[in-house]
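*Asks:* Take this sequence and fold it.
(3 chains)
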Amino acid sequence: MAHGYPFDPALDACALARALVGAHLTVRGTGGMIIETEAYARDDPASHSHHGPTSRNRSMFGPPGHAYVYRSYGIHLCLNVVGRPGEAVLIRALAPDTGMELMRQRRPAGPLCAGPGRLCQALDVQMTDDGRPFDGDALVVMARTGAPPGILTGPRIGLSRATDRLWRFGLAGMPGLSRAFPKQ
DNA sequence: CTTACGATTCCCT
DNA sequence: GGGAATCGTAAGC
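*Replies:* Residues are numbered from 1 along each chain as shown, chains lettered A, B, ... in the order given. Here you go, the predicted model:
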């Protein structure tokens, strides 16, 4: 049952990153509520898109509402939601609630979805998901309902450039964040 | 062609 | 808290 991609394609990366906090993500039947995101923009020294399109980052310049999946440190995969051209939002942590048993099989020990590499392992995200739409088929994202939650902000994790941009967003009061946020 | 370096995680001390 | 694992990418020569 496809329900389509719920977000305005015109949202800038930070607005999309904020909108995704509290949204719900499912990949082929496993997932949970998104509790931590990071925004990456076109004119952003820390973004893969900073030097323009390449074979690796081509999905970042593709249609909004599609996935950008890349390999990190030769080991892990990371999942992004593509926004405007050259912009994307990294999904950094979930509060897992769907397909718990399957996710625990894939990650028998340790945190299930706290960290971009861990959640990709728990959800069995593949490189073949790169460029795939969040259209409600294999990849499902549902906007949050109700009042806007308290959203924490902080510098993005693991970057050496553009550390002054507070483009990391988290759901206040949630356990399972990949790291603590600075005092607001 | 060569090389340096990550949008990380895990295990050790 | 610190370092190793591990490999694709892209900048540099």
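
*Asks:* Quick check: residues of chain A near DNA strand B?
*Replies:* Proximity of chain A to DNA strand B (CB under 7 Å from any atom of the strand) is limited to residues A:38, A:40, A:46-49, A:57, A:60, A:68, A:72-76, A:78, A:80, A:88, A:90, A:107, A:110-111, A:115-119, A:156-160, A:178. Where you see a C-beta, it was placed from the backbone N, CA and C, and this is true even at glycine.

*Asks:* list the buried ones in stretch A:118-127?
*Replies:* By neighbour count on 16 or more other CB atoms under 10 Å, the buried set for stretch A:118-127 is A:118-125.

*Asks:* So which of those residues sit within strands?
*Replies:* In strands, defined here by DSSP state E, there are no members of the buried residues of stretch A:118-127.

*Asks:* Can you convert those residues into JSON lines and add a column each for pLDDT and distance to DNA strand C?
*Replies:* Listed next are those as JSON lines, based on pLDDT from 0 to 100; distance: CB to the nearest atom of the strand, whole Å:
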{"residue": "A:Arg118", "pLDDT": "98", "distance to DNA strand C": "13"}
{"residue": "A:Leu119", "pLDDT": "98", "distance to DNA strand C": "17"}
{"residue": "A:Cys120", "pLDDT": "98", "distance to DNA strand C": "15"}
{"residue": "A:Gln121", "pLDDT": "98", "distance to DNA strand C": "14"}
{"residue": "A:Ala122", "pLDDT": "98", "distance to DNA strand C": "18"}
{"residue": "A:Leu123", "pLDDT": "98", "distance to DNA strand C": "20"}
{"residue": "A:Asp124", "pLDDT": "98", "distance to DNA strand C": "19"}
{"residue": "A:Val125", "pLDDT": "98", "distance to DNA strand C": "16"}
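
*Asks:* between these, which is nearest A:Gly146?
*Replies:* Nearest to A:Gly146, judged by CB to CB, of these is A:Leu119 at 23.5 Å.

*Asks:* need the contact list for the nearest residue to that closest one once chain neighbours are set aside.
*Replies:* Take A:Leu119 and drop its neighbours on the chain: the residue closest to it by CB to CB, 6 or more residues apart in numbering is A:Cys113, 4.1 Å away. A:Cys113 sits next to A:32, A:93-96, A:103, A:119, A:122-123, A:176 when contact means CB atoms under 8 Å, 6 or more residues apart in numbering.
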